[in-house]
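Peer 1: Sequence and predicted structure, then a few things I'm wondering about:
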Amino acid sequence: FFSSALLLLLLHCCCVCVTHPSIHPNMSEAETAAPAAEAPAAQGLNGLDLIVDGWFHERGVLWPGQAMSLQVKEVLYHGRSDFQDVLVFSSTHHGTVLVLDGVVQVTTRDECAYQEMICHLPLYAHDNPKKVLVIGGGDGGVLREIAKHHSCVQEIVLCEIDADVIKVSKEYLPELSKVGFEDPRVVVHVMDGAAFMEEHQDEFDVIITDSSDPVGPASVLFETPFYSAMYKSLREGGIVCTQGECMWLHLDLIKPLVDSISTFYTSVGYAYTTVPTYPSGQIGFILATKGRGPCNKPARLPADDSEFEYYSPELHEASFVLPAFAKKAIFGSSSNK
């Protein structure tokens, strides 16, 4: 999040590189049809191998000594895109599950906790966000949440590396994909997000990056140059919100990044949400601003909070209140902005 070679190794669906043409919401039926459910997987990780005795097992180098298991009801789709293994299954207790390269991205039971917070923390912290860029987010959940900001958001641009993630999500995850991809404000590009930002500077009020885990070469996504690229693509007064890993597992990654980007962003804060099917049941967000104050209080309030399953103005503020160990490790004696 940037050379193309590095990006091919990303584990999550929010990667940023490639050579496909743009895809728009009004694509033809042939263009948007999901890959055949029997599509064979090529070389590399095979998601079906992670299903043993009716249970899917997720293990990862970034969460050593622990694993997540979900009981499988039915495999709905398995194949391999140009970039990653793609698996969708219905589970016995967590709804439909999307897995990319062996890592759970979404379950329809708890996805609201992630999608709502990564979107509404920056959007409600901004008094008038008109143009929003999403890097990744091919499942459509982030688009769905941004689309709720009818009174201010005029244009939503999504850059996603993997067209198959979009197609599969439209077919098997309509709860996430239908609203956002059908919104007339949305324009989708299957392309290099870093290259897109290079060509669109001082343009966006909010940039949301639904990033991969920083494993191996993909650790570049958690380093200063990408945050610098986002900074340049922001308008004055803009806000960046990115997936910020887990405070229980990744303080050694979070602290150096916060320190580094604090040298050029006006404010940098850390918030978190609880997602039972993510490692340690928790994931964080880094929120950084350009020429404006911190994001820990909403600048606007929802007109209708019945649209939300997880987010609320009270939770917005509370999400920045970190456990003592995390606050000390990330910010030292300074406050969480």
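Peer 2: On my side now, so go ahead.

Peer 1: Helices of the protein, start to end?
Peer 2: 4-7, 29-32, 111-125, 141-146, 163-172, 174-182, 193-199, 224-233, 251-261, 313-318, 324-331 (DSSP state H).

Peer 1: Columns mean pLDDT, mean neighbour count and distance to residue 47 on top of these, output as a markdown table?
Peer 2: For glycine as for every other residue, the C-beta is placed from the backbone atoms N, C-alpha and C. Converted to a markdown table, the helices of the chain look like this (pLDDT from 0 to 100; neighbours: other C-beta atoms under 10 Å; distance: least, C-beta to C-beta, whole Å):
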| stretch | mean pLDDT | mean neighbour count | distance to residue 47 |
| --- | --- | --- | --- |
| helix 4-7 | 35 | 16 | 20 |
| helix 29-32 | 38 | 10 | 23 |
| helix 111-125 | 98 | 25 | 19 |
| helix 141-146 | 98 | 27 | 20 |
| helix 163-172 | 96 | 24 | 12 |
| helix 174-182 | 95 | 20 | 19 |
| helix 193-199 | 88 | 19 | 25 |
| helix 224-233 | 94 | 20 | 28 |
| helix 251-261 | 94 | 17 | 26 |
| helix 313-318 | 98 | 14 | 33 |
| helix 324-331 | 97 | 16 | 32 |
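
Peer 1: Which one of the ones you listed lies nearest to residue 278?
Peer 2: helix 111-125 (7.5 Å; C-beta to C-beta).

Peer 1: Buried residues, stretch 303-311. List them.
Peer 2: 308, 310, 311 (16 or more other C-beta atoms under 10 Å).

Peer 1: Closest one to residue 115 out of these, please.
Peer 2: residue 310 (8.5 Å).

Peer 1: Can you pull up the most central residue in the chain?
Peer 2: residue 210 (2.0 Å; C-alpha atoms, centre = their mean).

Peer 1: I'd assumed residue 136 was in contact with that residue.
Peer 2: Yes: in this structure, residue 210 is within contact of residue 136 by C-beta atoms under 8 Å, at 3.9 Å.

Peer 1: Hmm, residue 222 is touching residue 253, no?
Peer 2: Yes: counting by C-beta under 8 Å, residue 222 touches residue 253, with 5.8 Å between them.

Peer 1: And residue 128, how close does it get to residue 313?
Peer 2: 17 Å (C-beta to C-beta, to the nearest Å).

Peer 1: wait, residue 231
Peer 2: According to C-beta to C-beta, residue 231 stands 27 Å off from residue 313.

Peer 1: Please apply the same query to residue 324.
Peer 2: Separation of residue 324 from residue 313 (C-beta to C-beta): 24 Å.

Peer 1: Tell me how far the residue sitting furthest away from the middle of the chain lies from residue 69.
Peer 2: In the chain, residue 53 marks the outermost C-alpha relative to the chain mean, sitting 30.6 Å out by C-alpha atoms, centre = their mean. According to C-beta to C-beta, residue 53 and residue 69 sit 10 Å apart.

Peer 1: just residue 103 next, same as before
Peer 2: From residue 103 to residue 69 the distance is 14 Å (C-beta to C-beta).

Peer 1: Quick check: buried residues in the longest strand along the chain?
Peer 2: Across the chain, the longest stretch assigned as strand under DSSP state E is strand 68-80. By neighbour count on 16+ other C-beta under 10 Å, the buried set for strand 68-80 is 68, 70, 72, 73, 76, 77, 78, 79, 80.

Peer 1: helices and strands around that strand, which ones?
Peer 2: Here strand 68-80 is seen to pack against strand 55-58, strand 85-91, strand 103-107, helix 163-172 when contacts are counted using 3 or more C-beta pairs under 8 Å, 6 or more residues apart in numbering; DSSP states H and E.

Peer 1: For stretch 204-213, output the C-alpha coordinates as PDB.
Peer 2: C-alpha atoms of stretch 204-213 as PDB (Å, rounded to 0.1, in the frame of the first residue of the first chain):
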ATOM      1  CA  PHE A 204     -10.100  13.800  -0.800                       C
ATOM      2  CA  ASP A 205     -11.700  14.700   2.500                       C
ATOM      3  CA  VAL A 206     -11.500  11.200   3.900                       C
ATOM      4  CA  ILE A 207      -9.300   8.200   2.900                       C
ATOM      5  CA  ILE A 208     -10.200   4.800   4.400                       C
ATOM      6  CA  THR A 209      -7.700   2.000   3.900                       C
ATOM      7  CA  ASP A 210      -8.900  -1.500   4.700                       C
ATOM      8  CA  SER A 211      -5.400  -2.900   4.700                       C
ATOM      9  CA  SER A 212      -3.800  -6.300   4.800                       C
ATOM     10  CA  ASP A 213      -1.800  -7.600   7.700                       C
END
